[in-house]
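Q: My questions are about this predicted structure, shown below with the sequence.
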Protein chains: 2
Amino acid sequence: MAEMATAPFSAQLAFLAELDKLKSILRQSSLINQSRKENSAEHSWHLAMFALALAGHAGSIDRNRVIQMLLIHDIVEIDAGDAPIHVAGVDKSALEHAERMAAERIFGLLPEAQGREMLALWLEFEAAETPSARFEKALDRLQPLFLNTLAGGGTWTENGVTEQQVLERYGPTIERGSPELWQEARKLVRQHFSARAE
Amino acid sequence: MAEMATAPFSAQLAFLAELDKLKSILRQSSLINQSRKENSAEHSWHLAMFALALAGHAGSIDRNRVIQMLLIHDIVEIDAGDAPIHVAGVDKSALEHAERMAAERIFGLLPEAQGREMLALWLEFEAAETPSARFEKALDRLQPLFLNTLAGGGTWTENGVTEQQVLERYGPTIERGSPELWQEARKLVRQHFSARAE
């Protein structure tokens, strides 16, 4: 009979197997080539690369902590699903409750100290009070904005979203994390809508 | 007329737009639910989570550097494609050349100092001489092994790969990065093949 895996390793593998499900959670945004919708696992990778490439535009943040937060921030969607930004009528407090339950269940698969550490990281992201967490929220908003400008308007076109609504729904979060990035992102939005108006 | 993006930002965005293509590079391994093949972007995310969860099984590594290396290690596949482990007849030196060209082109989209930094990180991974790079290579080999054991044998079953071949093709790389992880991975391999033999 085969030996069993030792305790910390088997708990870690159970967690890593569970994470595979994030590859099947679809977001609203399409890939730039518009072949299909983006999933939350590849979105998380792309965001971590945004952090590597754009960290110089933030104030005093801990880049490695930002990357770790970005890697784990969407894991709760395995249970709670992706919450679309342009759809009205989402029950915010029910969603927050579902995400909190999901975080406890999924990070709880890990050995206890490790699970606590990841839960704390996710709660820091959710609270959006530290400069690192605010920068992370800014990137999480910037990435779909950027994909939309490169994919013919993407979810904006699909949902009939106006330039003013884009500024209201993306601006405050990006600006809070990095005024410099918002200044640049605002130019992309202006270019996109002025090209469509011509 | 809309303002243009400022220089470092526009170079960084060109790089980040290029990276979107990694979401369309398919690997040999399937998702655990066997619904489709895995792509290299979501694989890179999963690997970074392997590093977060399993770093305690390595010697003296720099976990954040490992995560950064894992995030960028497959970007060259945008030009050079994914090199399958179980297919004979791959021209290794032609592949290495293509990957080197790809690294220079894609990291070269970034502002110069940033591009040089990422190229150095990728070269460290390729050389596999530092403990961090060896651990990274180990995880890159462990993740598909793990997916295969959870997906009915996956690429092993598809390619008629024997237990002995698995030990030879995965063992040295995993053991060099972490003897402890190889000890555990070996148990998973034994379990898988003994269950199939019953």
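A: Cool, the structure landed. Numbers count the residues shown, from 1 in each chain, chains lettered A, B, ... in the order given.
Q: list the contacts for residue A:138?
A: By C-beta atoms under 8 Å, 6 or more residues apart in numbering or on different chains, the residues touching residue A:138 are A:58, A:173, A:174, A:175, A:176, A:177, A:178, A:181, A:182. Where C-beta positions appear, they are placed from N, C-alpha and C, glycine not excepted.
Q: Sort out for me which of those residues are in helices.
A: Among the contacts of residue A:138, DSSP state H puts A:173, A:174, A:175, A:176, A:177, A:181, A:182 in helices.
Q: Now render those residues as a markdown table, adding pLDDT, distance to chain B and neighbour count.
A: Conversion of those to a markdown table gives the following (pLDDT from 0 to 100; distance: C-beta to the nearest C-beta, whole Å; neighbours: other C-beta atoms under 10 Å in any protein chain shown):
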| residue | pLDDT | distance to chain B | neighbour count |
| --- | --- | --- | --- |
| A:173 | 97 | 18 | 17 |
| A:174 | 97 | 13 | 25 |
| A:175 | 97 | 15 | 18 |
| A:176 | 96 | 18 | 16 |
| A:177 | 96 | 15 | 28 |
| A:181 | 95 | 8 | 21 |
| A:182 | 97 | 11 | 23 |
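Q: Partner strands of the longest strand seen in chain A, with direction?
A: Counting residues, the longest strand found in chain A (DSSP state E) is strand A:26-30. Strand pairing for strand A:26-30, using DSSP bridges, gives strand A:37-39 (antiparallel).
Q: Residues in contact with the strand it pairs with: which ones?
A: When contacts are taken as C-beta under 8 Å, 6+ apart, the neighbours of strand A:37-39 outside the stretch itself are A:22-31, A:46, A:147, B:23, B:42.
Q: Any of those residues buried? List them.
A: The neighbour-count test (16 or more other C-beta atoms under 10 Å in any protein chain shown) applied to those identifies A:22-25, A:27-31, A:46, A:147, B:23, B:42 as buried.
Q: quick one: contacts for the residue nearest in space to the middle of chain A?
A: If you average the C-alpha coordinates of chain A and look for the closest C-alpha using C-alpha atoms, centre = their mean, you land on residue A:140, 4.5 Å from that point. Contacts of residue A:140 were listed using C-beta under 8 Å, 6+ apart, and they are A:47, A:70, A:73, A:173.
Q: try residue A:112
A: Residues counted as contacts of residue A:112 (C-beta under 8 Å, 6+ apart): none.
Q: Would you mind listing where chain A has pLDDT under the threshold?
A: Residues of chain A meeting the criterion pLDDT under 70: A:1-5.
Q: With secondary structure as new columns, can the contacts of residue A:140 be given to me in a markdown table?
A: What follows is these, written out as a markdown table (DSSP: H, G, I helix; E, B strand; the rest coil):
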| residue | secondary structure |
| --- | --- |
| A:47 | helix |
| A:70 | helix |
| A:73 | coil |
| A:173 | helix |
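Q: By neighbours, which of those wins?
A: Taking other C-beta atoms under 10 Å in any protein chain shown to define a neighbour, the member of the contacts of residue A:140 with the most is residue A:70, carrying 27 neighbours.
Q: I'd guessed that one sits against residue A:135; true?
A: No: taking contact to mean C-beta atoms under 8 Å, the distance of 9.7 Å between residue A:70 and residue A:135 leaves them out of contact.
Q: Now the common contact residues for those two.
A: Taking C-beta under 8 Å, 6+ apart as the contact criterion, the residues that touch both residue A:70 and residue A:135 are residue A:51.
Q: returning to that earlier point: which among the buried ones among the contacts of strand A:37-39 gets closest to residue B:79?
A: Among the buried ones among the contacts of strand A:37-39, residue B:23 lies closest to residue B:79 (C-beta to C-beta), at 14.9 Å.
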